[in-house]
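Colleague: return a 3D structure for these sequence lines:
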Amino acid sequence: QVQLVESGGGLVQAGGSLRLSCAASGRTFSSHPMGWFRQAPGKEREFVAAISRNGGTTYYADSVKGRFTISRDNAKNTVNLQMKDLLPEDTAVYYCAADRSQRMGVVHNELASYNYWGQGTQVTVSS
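Modeller: Below you'll find the model as predicted:
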């Protein structure tokens with residue numbers, strides 16, 4: 001069982017930066033690949049970024065590649081999303097999630113691969 005709590009969201013101007021953090025409880029955090037997703041009003045939840053169990057593999061949606069960086073600290077049970085050059089279209093509720101797979105080196109971009117979710121944190125980018 002993994003419980004996830006996101007923080008770090010807020011209001012920022014276009015071109016600005018934010019760092020989201022996700023704190024996980026439970027001793028199995030390091031066993032799970034982790035991901036970030038987002039959901040804008042009226043839209044489906046979409047993949048943003050994922051990171052493998054040991055952090056050696058990362059994967060990004062094309063829309064955020066080069067602007068967002070996912071990282072994790074297994075000693076602190078945290079996964080982070082550093083966001084820069086933010087755009088108004090990045091406005092959404094951001095969720096972190098734990099992948100049901102415990103395979104090494106694996107990352108997934110499908111929602112169905114994730115079975116633990118946080119409550120989300122709002123990111124609003126003004127133009």
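
Colleague: and the spatially most central residue of the chain, what element?
Modeller: Against the mean C-alpha coordinate of the chain, by Cα atoms, centre = their mean, the closest residue is W36 at 2.1 Å. Element membership of W36 [criterion: DSSP states H and E] is strand 34-39.

Colleague: packing partners of that strand?
Modeller: strand 18-25, strand 46-51, strand 68-73, strand 78-83, strand 92-99 (3 or more Cβ pairs under 8 Å, 6 or more residues apart in numbering; DSSP states H and E). Quick note: C-beta positions are derived from backbone N, CA and C, even for glycine.

Colleague: ok, residues contacting the fourth one?
Modeller: Same thing as strand 78-83. 17-24, 34, 36, 48-49, 51, 64, 67-73, 90, 94, 96, 123 (Cβ atoms under 8 Å, 6 or more residues apart in numbering).

Colleague: neighbouring strands of it in the sheet, and parallel or not?
Modeller: strand 18-25 (antiparallel), strand 68-73 (antiparallel) (DSSP bridges).

Colleague: ok, now which ones touch the residue nearest to the centre of the chain?
Modeller: Contacts of W36 (Cβ under 8 Å, 6+ apart): 20, 22, 48-50, 70, 79, 81, 94-97.

Colleague: beta partners of it?
Modeller: Going by DSSP bridges, W36 forms beta bridges with A49, C96.

Colleague: give me the pLDDT value at it.
Modeller: Looking at W36, its pLDDT stands at 98.

Colleague: what about it, distance to R27?
Modeller: In this view, W36 and R27 are 22 Å apart by Cβ to Cβ, to the nearest Å.

Colleague: still on that earlier bit, roughly how far is the strand holding W36 from the heart of the chain?
Modeller: Relative to the centre of its chain, strand 34-39 is centred 4 Å away, using Cα atoms, centre = their mean, to the nearest Å.

Colleague: buried residues of it, list them for me.
Modeller: By 16 or more other Cβ atoms under 10 Å, the buried positions in strand 34-39 come out as 34-38.

Colleague: buried sites along stretch 117-127?
Modeller: So for stretch 117-127, counting by 16+ other Cβ under 10 Å, buried means 117-118, 120-121, 123, 125.
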